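In: My questions are about this predicted structure, shown below with the sequence.
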Amino acid sequence: MASKLTQSNSAGWAFAFPGFALMLAFIILPFFLAFGLSFTNQRLVTPNPTEYVGMANYRQLLGLRILTIEPQRDEAGAVERDDNGDAIYPRMREFTRNNADYPQLAGLQEWFSIDRGDRRSFVLARDVVFMKAIVNTVIFVLIVAPVQGGLALGLALLINQRLRGINLFRAIYFMPVVVSIVVVSLLWRFIYSGQSGLLNNLLSGLSFGMFTPVDWLGNPSTALGSIIVMSIWQAVGFHMVIWLSGLQTISPTLYEAASIEGASKWQTFRYVTWPGLRNTAVLVLIVITMQAFALFAQIDVMTGGGPLDSTQTIVFQAVERGYGKQDISGGSAISVILFCIVLSISLIQRYLTREKS
Amino acid sequence: MATIAPDNHGLRLVVRYTVLTIIAIIFVFPLVFMLVSSLKPDQQLLADTSSMRAFLPVGDISLNNYYDAFDRAPVGLFVMNSVIVTGVTVVLSLLVCSLAAFSFVFLRWSGRSLILSIILATLIVPFETIAIPLLLIASKLPWIGLEGFTTGWLNSYRVQIVPFIADGLTIFLFVQYFKDLPGELIEAARVEGATWPQIYRRIVMPLAGPVIATAAILKFLVMYNQYLWPLMVVQQESYRPVMVGLQYFFQLNRAWGEIMAYLSLITVPVLVFYLFLQRAFIASIASTGVKG
């Protein structure tokens, strides 16, 4: 096709221009703008001129300090203990508020602490909520990626058999994917409800009343887990379909050979199916991970980040800052942090796929 | 399709169908519950959750929740807004992205491969990472309309449509499809003296049915389910789409029967559409899988 007949600069540009111009304006420009804005104090609406502030937004978001201190001692020099026998430590506020000896700790908040022998290390963060958001998002990804990927593979193997009516089951398993996550979140909010929620009633029915109702979304220890289960329920069909298309690229002759060799089902899976799915596996994992890092709608509809920040996420924080507080620069800095995480995962993907070829 | 030659008889068959059915119940029952609950008055809805009646349309069944939902909020307006935004975006996206892909595959021009790789590179940029700067851009963009020259796109249809017309995935899908079309067809047409617009309209697009369906379905799902973006850029009721309207409706009050009616109303058309075209839907998702 390299002939003169297809050579045309003006026509080429004319056909590609509308699409490229739109992507330039609404994807590429904002992408670079995110980096630029993150070094300023830009707000959505402001009478003041925008100023360059260097790394201030990143320091504000990611600032961390560790302070190791000894427990309080009484006048005799013995460690003071509370009623449970635990050592008493000075309150963190004494260090972080107006303490001239610790100017670097001013404005920080206690995130968590670790006991080391008779001393305690306090981890202080400038933005504890954002730290929790990062941790929650990472937990979400670390659970959702393998569990959803694995379940999706299980479903794909189940669907990939010759049975009458199998297409009906495939259609049903895929159904939640076409339902909006906002609809699903609101529906499951009712299912998870502490009072007359469907799940509580179902569980107490199955256990003949032994089960005590739980306010699934109102409890810091169950809220994130509940959102994880629902998210998997909604999206697993999506990845089942990707696995299925991977399964169907594996040549049937390999299976015939395996069965002639007398391979067991597990051996067939281990030595025929799984090697043939390697690239699909990388893809599924990356797609799930990228989708999982973008966790937002479920949080916004179901918990608003609560209770006690147990369901805060990176994107939820970006929106709360950039839109809620109209702090475009802070929101942009969070976007850049998120992008760097997603990019490193994409690079890992490239590394993993390169290894094979 | 067949993985392991199945001996489909007797007990084994029963076990297989039982497993398949139990899993199907897990996927379907929440949706059945939604539909059935939308027909029940609140008191009965809550009482029924303690038994299997939660999944059955029994008792005091009526469409009252639907009437009440329409009375409480301009649900019809929200649906119309979503239909306008989704419809216009899908049509423009198919046009703009297929034109670009046509140019990348069939024409030779300087800068072609560079621009195509820039477009494909955007595939690793999640929308969530550009949403905040895009909000700033949208608030400052100029517009010339019936009211003359204005600044700011917030609270409009265009702010929900224009940023989503061109995207890397749609262009990629068209490029992949066009590559498999026989190039001789286009050369022959050129020899005959056909212009590029004629080739696009008369030869390439009539052959592009499958990829048009795939791209349209994916775009439809993305646009109809938009949430984060309209949440930030549309505060006025007159432009509010269904998903943001839903959150707003929920905050008005917690009448679950009406909420279930709203949920069903905006979900059932999509589900019906899906059940009729399920092969095309599933093929669309599968085709995004080749992007690795």
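Out: Now that the structure is in, tell me what you want to look at.
In: For chain A, what's the nearest residue on the stretch 101-250 of chain B?
Out: Distances between the stretch 101-250 of chain B and chain A by C-beta to the nearest C-beta are smallest at B:Trp109, namely 2.8 Å. The way it works is simple: take the backbone N, C-alpha and C, and place the C-beta from them, glycine included.
In: Count residues in the vicinity of that residue, would you?
Out: Around B:Trp109 there are 20 other residues, counting by other C-beta atoms under 10 Å in any protein chain shown.
In: what's the answer for A:Leu198, then?
Out: A:Leu198, neighbours per other C-beta under 10 Å, totals 22.
In: Quick check: phi and psi on it?
Out: phi -60, psi -40 (degrees, to the nearest 10).
In: Which pLDDT does the model give the residue of the stretch 101-250 of chain B closest to chain A?
Out: B:Trp109 carries a pLDDT value of 89.
In: Same question for B:Met1.
Out: Value for B:Met1, per-residue pLDDT: 44.
In: Just the pLDDT for residue 231.
Out: Just so you know, I chose chain A. Note for A:Ser231: predicted pLDDT of 95.
In: My question was about chain B, not that one.
Out: pLDDT, B:Leu231: 93.
In: re the thing from before, ok, the residue of the stretch 101-250 of chain B closest to chain A - contacts?
Out: Shown in contact with B:Trp109 (C-beta atoms under 8 Å, 6 or more residues apart in numbering or on different chains): A:7-9, A:11-13, B:103.
In: Distance check, it against B:Leu95.
Out: Separation of B:Trp109 from B:Leu95 (C-beta to C-beta, to the nearest Å) stands at 20 Å.
In: The helix ranked longest in chain B near chain A at all?
Out: Using DSSP state H, we find that the single longest helix of chain B is helix B:75-106. Yes. Using C-beta under 8 Å from any C-beta of the partner chain, helix B:75-106 reaches chain A at B:96-97, B:99-100, B:102-104, B:106.
In: Please apply the same query to stretch B:173-186.
Out: Yes. For stretch B:173-186, a contact with chain A is found by C-beta under 8 Å from any C-beta, at B:183, B:186.
In: buried sites along that stretch?
Out: B:173-178, B:186 (16 or more other C-beta atoms under 10 Å in any protein chain shown).
In: Among these, name the ones in helices.
Out: Going by DSSP H, the helices hold B:173-178, B:186 from those.
In: Now do the domain split for chain B, please.
Out: Taking automatic domain parsing as the reference, chain B has its domains at B:1-62, B:75-251+B:261-291.
In: Just name the most buried of the ones you listed.
Out: domain B:75-251+B:261-291 (a mean of 19; mean count of other C-beta atoms under 10 Å in any protein chain shown).
In: how about the strands of the stretch 51-200 of chain B, start to end?
Out: Secondary structure of the stretch 51-200 of chain B, counting by DSSP state E, counting those that start in this stretch: strands at B:142-145, B:148-151.
In: Can I get those in JSON lines including distance to chain A and mean pLDDT?
Out: Below are the strands of the stretch 51-200 of chain B laid out as JSON lines (distance: least, C-beta to the nearest C-beta, whole Å; pLDDT from 0 to 100):
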{"stretch": "strand B:142-145", "distance to chain A": "12", "mean pLDDT": "83"}
{"stretch": "strand B:148-151", "distance to chain A": "12", "mean pLDDT": "82"}
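In: quick one on the thing from earlier: mean confidence score for the longest helix of chain B?
Out: For helix B:75-106, mean pLDDT rounds to 95.
In: just stretch A:171-190 next, same as before
Out: 93.
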